[in-house]
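Novice: Quick one: sequence and predicted model below, then my questions.
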Amino acid sequence: MSTNLIIESITRHIRLSDEEKEHFIGLLQPKTYKRKDFILEEGQVCKYSYFVTEGCLRGFTVDNNGFEHVLNFAPEGWWIADMYSLLTQKPGILNIEALENTEVLLLSKSRQENLYHEIPQFERFFRIITENSLVSYQQRLIDNLSLTAEERYHNFCRRYPSLINTLPKKQIAAYIGVTPEFFSRMQRQMLTKGKKQQN
């Protein structure tokens, strides 16, 4: 499994020597999941951060009525974890599932914390990742309260351009907070509106 992608992700934010890169790579645990495998389930304690090198994961919750609410996707080159559970080491509420055959690199919480002492720059890197995650979740909350479904869909397209044509429609619908039927109607209306604007 190639580690180039994760090193590229990290060196966008911090500088590392070749020795530091090698040390970091040695802390990672490669793992492969099949489509529909659960990486993490509600009620479990999140012990790892997951970096996707191939495939796609989704983080979601299930409400009391059995409806799924997708919080985020992690395509190739993205990190994912149940942040609450990872930071507190208490049981989480997030389910993380592979949407297709997926390869990930795992970094355990204990190794991550040791890394802060061994290579202090990593504390800055993971602070940036955590802050970006916090900003993203806050924006999602505001969007869900104030934007129309169509506007939320446009935000999804901006955030996950690589997933627009690859994800099942029901997953996109669960992300923007509508039923698959409503999403299909909305897409048809958007297509009709687009054609009228071209004429």
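Specialist: Cool, the structure landed. Bear in mind that the values here come from a model prediction, so they are computed numbers and not experimental data. Numbers count the residues shown, from 1 in each chain.
Novice: where in this protein is pLDDT low?
Specialist: Scanning the chain for pLDDT under 70 picks out 1, 194-199.
Novice: what about 80?
Specialist: Low-confidence segments of the chain (pLDDT under 80): 1-2, 193-199.
Novice: For it, which helix extends over the most residues?
Specialist: helix 121-146 (DSSP state H).
Novice: Identify each buried residue in that one, please.
Specialist: Across helix 121-146, burial judged by 16 or more other C-beta atoms under 10 Å covers 122, 125, 126, 129, 140, 143. For the C-beta atoms, the positions are set from N, CA and C on the backbone; glycine is no exception.
Novice: ok, which stretches of this protein are strands?
Specialist: Assigned by DSSP state E, the chain shows strands spanning 29-33, 38-40, 48-54, 56-62, 68-75, 79-80, 95-98, 102-108.
Novice: tell me which strands and helices the fifth one is in contact with?
Specialist: With contacts taken as 3 or more C-beta pairs under 8 Å, 6 or more residues apart in numbering; DSSP states H and E, strand 68-75 sits against strand 48-54, strand 56-62, helix 121-146, helix 169-176.
Novice: Of all the ones you listed, which one is nearest residue 13?
Specialist: Among the helices and strands packed on strand 68-75, the nearest to residue 13 by C-beta to C-beta is helix 121-146 (5.2 Å).
Novice: so what's residue 49 up against?
Specialist: Each residue near residue 49 by C-beta atoms under 8 Å, 6 or more residues apart in numbering is listed here: 79, 80, 81, 86, 106, 107, 109, 112.
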